[in-house]
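[1] need a 3D model of the following:
(one chain, ligands or ions: 1)
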Amino acid sequence: MRRKLVVGNWKMHGSLAQNKALLEALIPNLAVLKQADYAVCVPYPYLFQAQSLLQGTNISWGAQNLAKHEIGAYTGEVSADMLKEFGASYVIVGHSERSTAYCESDANIAAKFVSAQRVGITPVLCVGETLQERESGLRERVLAAQLDAILNSVGAEVFTKAVVAYEPVWAIGTGFSATPDQAQSAHEFIRARIGALHSEAADKVRILYGGSVKPSNASQLFAMQDIDGGLIGRGSLNANDFEGICRAANN
Ligand SMILES: O=C[C@H](O)COP(=O)(O)O
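    Here you go, the predicted structure:
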C-alpha cells in the first residue's frame, strides 16, 4: 500500500516572519501524524529557512522549479545541485502556472525531471488538462502526451523514484475541486499508462491530486484508490488548513 504524501506548494507567497510562524505551528501538529509524509515547496529564497526550521522534523522541503541544465551561463536559473545543497527532497516540475506563463515545453519538463533525479531529488511531475481540453473530450490525450514526454525519453522505471500530480487546470485556485470520481478516473488513467510499460513503477508511484483541496474535501479525495495524497496551493498557506488536509491523509 502506498504511503500518502501531502505537498504544500506555497507558490509566490511568504516572508521570513510569515514562514517562521507557519512552520513553527505546523511542526508540532504534524509530528504526531505518523501515517503519511509531508513536504512544503517554497520560493527559492526561503530554502535555507525551510532547511533550518524543518531539519529533523517529519516535514520535508523542496522547490517549485529548477533548471534543466547542470551548470553554466543561465542567468536567473537555479540548478538541481543548488537545491540539493539546501537539503531539498522534492521539486515541482511542469506546474501549469509555469508551463503557461513561461511556455515550458514537454521536452523541457522532461529534462528538468531528469535533472532532479540526477542529484537524488524526487520530481513532482504535474499533469492536467484545461477546461477547454476537458470539454473537448481531450483529457486523456493531454495526460498521455504529458506522461509520454517522460516515458518516451527516459522510460517508465524512473517513476519508481518520482511523484505525479494530477492538477486539472480548471480546478487550480478556483475553489472548485474535481469530484473524487473525476480525479480517480484521471489517476487510474495515469497509473495504467505507466503500468503498461512498468508494473512496479505503476504500483510504487504516488499520484497526488491538486486543485482546490481543502480540509472539507480532502478525506473524500484521499479515500479514492488511486489518489495517494495532494499537492496543495492555497490550503498550504494556513497552518490550520494544511494540518487539516494532512490529517485527512494520515488515516
Ligand atoms: O500546486 C498546487 C495547485 O496549483 C493547487 O493550488 P490550489 O490548492 O490553490 O488550487
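[2] drop to CA atoms for contacts and neighbour counts, all remaining ones
    Noted.
[3] count of neighbours near Arg191?
    Neighbours of Arg191 under the rule other C-alpha atoms under 10 Å: 22.
[4] what distance do you get for it to the ligand?
    20 Å (C-alpha to the nearest ligand atom, to the nearest Å).
[5] let me know the pLDDT of that residue.
    pLDDT for Arg191: 98.
[6] please verify my assumption that it contacts Ala202.
    Yes: with contact defined as C-alpha atoms under 8 Å, Arg191 and Ala202 form a contacting pair (5.3 Å).
[7] quick one, what contacts the residue lying closest to Gly211 once chain neighbours are set aside?
    Closest residue to Gly211 apart from its sequence neighbours, by C-alpha to C-alpha, 6 or more residues apart in numbering: Ile172 at 4.2 Å. The contact partners of Ile172, taken as C-alpha atoms under 8 Å, 6 or more residues apart in numbering, are Gly210, Gly211, Ser212.
[8] same for the ligand: which of those residues are within range?
    Residues of the contacts of Ile172 in contact with the ligand (C-alpha under 6 Å from any ligand atom): Gly210, Gly211, Ser212.
[9] tabulate those residues (JSON lines), appending neighbour count, secondary structure and pLDDT.
    Compiled in JSON lines, those are given as follows (neighbours: other C-alpha atoms under 10 Å; DSSP: H, G, I helix; E, B strand; the rest coil; pLDDT from 0 to 100):
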{"residue": "Gly210", "neighbour count": "29", "secondary structure": "coil", "pLDDT": "98"}
{"residue": "Gly211", "neighbour count": "26", "secondary structure": "coil", "pLDDT": "98"}
{"residue": "Ser212", "neighbour count": "25", "secondary structure": "coil", "pLDDT": "98"}
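[10] between the residues you listed, which is nearest Ser236?
    Minimum distance to Ser236 across those is 10.7 Å, recorded for Ser212 (C-alpha to C-alpha).
[11] pretty sure that closest one sits against Gly233.
    Yes: Ser212 is in contact with Gly233 according to C-alpha under 8 Å; the separation is 7.5 Å.
[12] quick one on the thing from earlier: okay, the residue nearest to Gly211: pLDDT?
    Value for Ile172, per-residue pLDDT: 96.
[13] I'd guess Leu208 is in a strand, am I close?
    Yes: assigned with DSSP: H, G, I helix; E, B strand; the rest coil, Leu208 falls within a strand.
[14] please name the bridge partners of it.
    Beta-bridge partners for Leu208, by DSSP bridges, are Ala165.
[15] Met224 is in contact with that one, correct?
    No: with contact defined as C-alpha under 8 Å, Leu208 does not count as touching Met224 (11.0 Å).
[16] look at those two and report which has more neighbours.
    The neighbour comparison of Leu208 against Met224 (other C-alpha under 10 Å) goes to Leu208, with 28 against 16.
[17] and the more buried one, what does it touch?
    Contacts of Leu208 by C-alpha under 8 Å, 6+ apart are Leu5, Val6, Val163, Val164, Ala165, Tyr166, Ile227, Asp228, Gly229, Gly230, Leu231.
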